[in-house]
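**Student:** pasting the sequence and the predicted coordinates here, then a few questions.
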Amino acid sequence: MSNVSSQEQVSNLKGTITFERRFRFWKDIWRSRALYLMLLPGLIWYVIYKYLPMYGLIIAFKDYDIVGGLWNSPWSDPWNKYFLQFFNSPYFTEILGNTLLISIYKLIFGTLPPIFLAILFNECRSRWLKKWVQTISYMPHFLSWVIIYGIVIALLSETSGIVNHLLVNSGFKSIPFITSTDWFRSLLVGSDIWQNIGWGAIIYMAAMASIDNTLYEACRVDGGGRLRMIWHITLPGIQTTIVLLLILKIGHIMEGSFDQIYIMYNTQVYKVADIIDTWVYRTGLQQMNFSLASAVGLFKSLIGMILILIANRVAKIWGGSIW
Amino acid sequence: MVRGRSDRIFDIFIYVVLVLVAISAILPLLYVLSISLTPYSEVLKNGGFILFPKSITFDAYKELFADSVIPKAFWVTVFVTVVGSFINMVLTILMAYPLSRRKLRGRTFFLMIVVFTMLFSGGLIPTYLVVRDTGLMNTVWSMIVPSAIWTFNLLIMKSFFESLPEELHDSARIDGAGETTALIKLVLPLSIPSIMTVSLFYMVGHWNDFFSAVLYITNKELYPLQVIVRNLLLESSNLSQQTDVTLPTVTLQMAAVISASLPIILVYPFVQKHFTKGMLIGAIKG
């Protein structure tokens, strides 16, 4: 008997506990109602301008027509019609290849210059010079691609650029940097490095600042020169940062720089410069083929997401100690 | 401290390379500036190429601003930058603050909603359709509303708020202040440097924004500066053979490039340190 009643008591107690928990839950929410109200406008924005487009991706599986719109356009048959159309089109390898190649070139050639610059800043003994060069070298990062394109024209245009003028004056042939398939990718990579070398150095300098100073002292006592310190202390000290940034960049390899390429490219260089984003823009908004363009966009977003997730996982494993 | 000779050489090497880096960052812009200021007569004399003009003229700027296209575009860009950044900041702060409160129920869920958009997006066409269907096409708002929150900036702001001591909120509660009062009276005044940083990121973003206008604006009256300057740049590459009687197209183009970048170049040195800070926080949280 007493056993039963104690069980009853326990269940009663459990009931009160859950009741109290639930009560506290709603009380908590009511108490932070101001916070939820603050969240509301942002959440609504996220739903409309971020999540609604995700839902809108269903047009990749529909035959979009202007009359029917998103809702009433018929489903495409077969369901993956536009994906097949893309995979079987001659563009598939070309734009996927361009997207990956341009990203990879930027990765290969763009990684070392900021590290090199950061080491120079770190070794620079003149505070005054360091500050000035830093300020100047970050500046290109804030210029738009339109401005940079203007600079590119001033320097490299075949008709009016100073470089070609100098070439011709010294008896060489002029080089069509902007319109030649041989040069265009180098132009993309070069202007990207120019824009971001200083800005990219910041993060490595922060990593260098956290290196234990006693290591340098010890090396000095041992008679190590500065090159040696760079090689044995500075570089190992920022090794984790370098690898982490590299991994994260690999994660974003599917994202080309739409602005840069759209602003700088021209019909002569489509073959080497057309990336997924620019192709989607032209197919979707200039040729009004919404369904095909969305299918390609979805393909890109999915691969991109998988890559980022893998990269983040790898980065977490690798950098677990500092993250 | 005794320094060896090799040490001196090493120092000099560093100075030289750093100066070269600075020159290569600034010289292209200076060259663009010099083209825009060179008088036509001098251009003709030198076969069209001058590094440092002997005399300067503002003719190109006068011609650019005499026409109504550039001034109009200038005001569109200023409007989008000022109003857009203000809306950005209001929404970003309002959302970042609750997300920074660790005790908020459902915080993880809301954060997931936000962070997921960094991993996956509907992409160009579906976003375009949403912007179109919300009636923003061909209005200045199409350059403001679809980018009203940048998730990256939101997360920077959130981590700024998180770095404030928890005691701050305790003291607010003891004083009987609600969350709204705490945000306005306590948190915001303490976050002014970070608010500066994030609003500068937004402002540069709006000033340089080219893509939204290309996507959503077809009415030439509403073109922002970046679009106008790019159209100018394209024009000449086709018409470079055409001889302009008063001014070479390149001079006009470069005057436009300078006009569009000048505000950034002028303001940038004074606010540079705020950018650096934001970049580091973003990277650590990244």
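**Tutor:** All right, it came through fine. Residues are numbered from 1 along each chain as shown, chains lettered A, B, ... in the order given.

**Student:** so is stretch A:279-293 next to chain B?
**Tutor:** Yes - Stretch A:279-293 is in contact with chain B by Cβ under 8 Å from any Cβ of the partner chain, via A:280-281, A:284-285, A:290, A:293. Just so you know, the C-beta spots here come from the backbone N, C-alpha and C atoms, and that holds for glycine as well.

**Student:** how close does residue B:224 get to chain A?
**Tutor:** Per Cβ to the nearest Cβ, to the nearest Å, residue B:224 is found 10 Å from chain A.

**Student:** hang on, I meant residue B:175
**Tutor:** Distance, residue B:175 to chain A, using Cβ to the nearest Cβ: 15 Å.

**Student:** burial measure for that residue, as a count.
**Tutor:** By the criterion of other Cβ atoms under 10 Å in any protein chain shown, residue B:175 has 11 neighbours.

**Student:** residue A:306 now?
**Tutor:** The number of residues packed near residue A:306 is 14, by other Cβ under 10 Å.

**Student:** who are the packing partners of the helix or strand where it lies?
**Tutor:** Per DSSP states H and E: residue A:306 is located in helix A:290-318. The helices and strands touching helix A:290-318, judged by 3 or more Cβ pairs under 8 Å, 6 or more residues apart in numbering or on different chains; DSSP states H and E, are helix A:81-88, helix A:235-251, helix A:276-281, helix B:107-119, helix B:124-133.

**Student:** for the second one, name the packing helices and strands.
**Tutor:** I take that to be helix A:235-251. Counting by 3+ Cβ pairs under 8 Å, 6+ apart, helix A:235-251 packs on helix A:91-123, helix A:184-209, helix A:290-318.

**Student:** would you map the helices across chain B?
**Tutor:** Secondary structure of chain B (DSSP state H): helices at B:5-37, B:40-45, B:59-66, B:69-100, B:107-119, B:124-133, B:151-162, B:166-174, B:179-181, B:188-190, B:192-208, B:211-216, B:225-239, B:249-285.

**Student:** dump these to TSV, plus mean pLDDT and mean neighbour count.
**Tutor:** Formatted as TSV, those follow (pLDDT from 0 to 100; neighbours: other Cβ atoms under 10 Å in any protein chain shown):
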stretch	mean pLDDT	mean neighbour count
helix B:5-37	92	16
helix B:40-45	70	13
helix B:59-66	88	17
helix B:69-100	96	20
helix B:107-119	94	15
helix B:124-133	94	22
helix B:151-162	92	20
helix B:166-174	84	13
helix B:179-181	86	17
helix B:188-190	91	13
helix B:192-208	92	20
helix B:211-216	95	21
helix B:225-239	80	20
helix B:249-285	82	19
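
**Student:** closest to residue A:272 out of those helices?
**Tutor:** Residue A:272 lies closest to helix B:225-239 among these, at 18.3 Å (Cβ to Cβ).

**Student:** so residue A:176 belongs to a helix, correct?
**Tutor:** No - counting by DSSP: H, G, I helix; E, B strand; the rest coil, residue A:176 is located in no helix; its state is coil.

**Student:** can you give me the pLDDT of it?
**Tutor:** Looking at residue A:176, its pLDDT reads 91.

**Student:** which residues does it contact?
**Tutor:** By Cβ atoms under 8 Å, 6 or more residues apart in numbering or on different chains, residue A:176 lies in contact with A:158, A:183.

**Student:** my read is that residue B:101 contacts residue A:34, right?
**Tutor:** No - look at residue B:101 against residue A:34 with Cβ atoms under 8 Å: they stay out of range, at 10.5 Å.

**Student:** tell me the residue of the stretch 101-250 of chain B that sits nearest chain A?
**Tutor:** Nearest residue of the stretch 101-250 of chain B to chain A: residue B:122, at 2.6 Å (Cβ to the nearest Cβ).

**Student:** host element of the nearest residue to that residue once chain neighbours are set aside?
**Tutor:** Of all residues not flanking residue B:122 in the chain, residue A:53 sits nearest, at 2.6 Å (Cβ to Cβ, 6 or more residues apart in numbering or on different chains). In this structure, residue A:53 sits in helix A:52-56 according to DSSP H and E.

**Student:** hmm, who's touching that helix?
**Tutor:** For helix A:52-56, the surrounding residues in contact (Cβ under 8 Å, 6+ apart) are A:70, A:294, B:120-123, B:125-127, B:129-130.
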